[in-house]
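Chemist: Show me the folded form of this:
(one chain, ligands or ions: 1)
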Amino acid sequence: MRTPAGFDCSYFFGDYYRGKNHEECRLIGNAAPPHNWSKDLCKICPVPEIQRANSCPDMILTATVERRFLGLQKRVVIKAYCQKNNRAVADPHIGCGNCHALPQIFLGEE
Ligand code: SF4
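Modeler: Numbers count the residues shown, from 1 in each chain. Below is the predicted model of the structure:
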């Protein structure tokens, strides 16, 4: 579903049927304040970009909201885990690299 920021995100849910205006992030969920979700986070969240770059169905994302500078600045911190290979994924844009290895030409090896 398209977020208020205009990007497609599979974790965003909006219910506008018959005058309702309910929106939620099903990745961050109902985290307690000050780590709660608000729709302004969709503007700075890396998840839509990650989903465009990597559609691996085995990669599980978790998200937490961090506040810095006395709570004035917010950011969404993403962690990724490969449930097929049972290991953390360093860069979710790329994936763990086990199933979809980069071609040799990109690795600079012959
Ligand atoms: S905060 Fe991120 S994961 Fe949550 S709905 Fe917005 S773009 Fe998607």
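Chemist: C-alpha only now, for contacts and for neighbours.
Modeler: Will do.
Chemist: Please spell out the segments of the chain that come in under the pLDDT threshold.
Modeler: Scanning the chain for pLDDT under 70 picks out 102, 109-110.
Chemist: can you give me the helices for it?
Modeler: 47-53, 104-107 (DSSP state H).
Chemist: Turn these into a markdown table, including distance to Asp8.
Modeler: Formatted as a markdown table, the helices of the chain follow (distance: least, CA to CA, whole Å):
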| stretch | distance to Asp8 |
| --- | --- |
| helix 47-53 | 6 |
| helix 104-107 | 29 |
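Chemist: Mind putting those into TSV with distance to Lys39 and mean neighbour count?
Modeler: Converted to TSV, the helices of the chain look like this (distance: least, CA to CA, whole Å; neighbours: other CA atoms under 10 Å):
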stretch	distance to Lys39	mean neighbour count
helix 47-53	14	17
helix 104-107	38	8
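Chemist: Can you tell me which of the ones you listed is nearest to the ligand?
Modeler: When the helices of the chain are ranked by proximity to the ligand, the top entry is helix 47-53, at 5.1 Å, counting by CA to the nearest ligand atom.
Chemist: And the ligand, is the closest one touching that?
Modeler: Yes. Helix 47-53 comes into contact with the ligand (CA under 6 Å from any ligand atom), by way of Val47, Pro48.
Chemist: now stretch 86-94
Modeler: No. With CA under 6 Å from any ligand atom as the criterion, the ligand is not reached by stretch 86-94; the gap is at least 13.3 Å.
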